[in-house]
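# sequence isn't available, so here's the structure alone:
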Ligand SMILES: C[S@@+](CC[C@H](N)C(=O)[O-])C[C@H]1O[C@@H](n2cnc3c(N)ncnc32)[C@H](O)[C@@H]1O
């Protein structure tokens, strides 16, 4: 059973005010890197895990997907996703990824943006994801980067020279991390990089691409607020395929 923090009123209000909540994919700086990993969308059957407000689900249909299923545990997130969507080929479903099992061999693309680090039973979910892909189907996923999730009390420190450092402790201690992000007591799960990759490999997936996301020069010109992302990666992006 997940914490479902997105149904906490204070958290939901704060999350709704973030740039990526207001601007959608255009407000998500890692979106171009995710988009570059997508297979052919035309005619694809797509599953969007932790779909949130449904921005990617709608994009996939506009890009030609045959059908899209968006899954999320949060009634708040799904209410807005449904309100913002007028497309019979997109179905939003409330389910907890701790137990959700997609129908077997049903999806050409399973996509998940910044949701899987909320899941405790990663091995179970990854094996259910693998079973939901058709042969040759692709998984494209972003999660909070292990360097970002590892510290017990995450935060920058200021160096003597005025620079900043992101101290890392407990990297090898996997499990829950409780942080005050938008609301007190938010539970996410830290895993080492090897664990993210080995879970996919153990489920029979071929890892095609691994990216420690960081902003390009052009993006930094437009978004100088992202400069700290060059000092420590915040997002890990992985693409994998069912052989
Ligand atoms: C950071 S938001 C990302 C939303 C969307 N994918 C995006 O990139 O805009 C994380 C989403 O994952 C959902 N989520 C978290 N834990 C979940 C779980 N156990 N089962 C299903 N959804 C979950 C949240 O409700 C939230 O909508």
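Structure's in. What do you need? Predicted model, so just to flag it, every value in this text is computed and none were measured. Numbering: from 1, shown residues only.

# how about the residues of this structure near the ligand?
2, 6, 20, 50-52, 55, 72-74, 77, 96-98, 113-115, 118-119 (CB under 6 Å from any ligand atom). (C-beta placed from N, C-alpha, C; glycine too.)

# ok, the lowest-mean-pLDDT helix or strand in the chain: who's next to it in the sheet?
None of the helices or strands of the chain scores lower by mean pLDDT, DSSP states H and E than strand 164-165, at a mean of 92. Paired neighbours of strand 164-165 in the sheet (DSSP bridges): strand 157-158 (antiparallel).

# nearest residue to residue 51 in space, please, no chain neighbours.
residue 70 (3.2 Å; CB to CB, 6 or more residues apart in numbering).

# which helices and strands does the helix or strand containing the one you found pack with?
In this assignment (DSSP states H and E), residue 70 forms part of strand 67-72. Under the contact criterion of 3 or more CB pairs under 8 Å, 6 or more residues apart in numbering; DSSP states H and E, strand 67-72 touches strand 45-49, helix 55-62, helix 75-83, strand 90-94.

# how far out from the middle of the chain is that strand?
In terms of CA atoms, centre = their mean, to the nearest Å, the centre of strand 67-72 is found 14 Å from the chain centre.

# quick check: mean pLDDT of it?
Summarised as a single mean, pLDDT over strand 67-72 is 98.

# kindly report the same for stretch 135-154.
97.

# now the end-to-end length of that stretch.
In stretch 135-154, first residue to last residue: 40 Å (CA to CA, to the nearest Å).

# show me the contacts for residue 233.
Residues near residue 233 by CB atoms under 8 Å, 6 or more residues apart in numbering: 145, 147, 148, 212, 213, 214.

# many thanks, have a good one.
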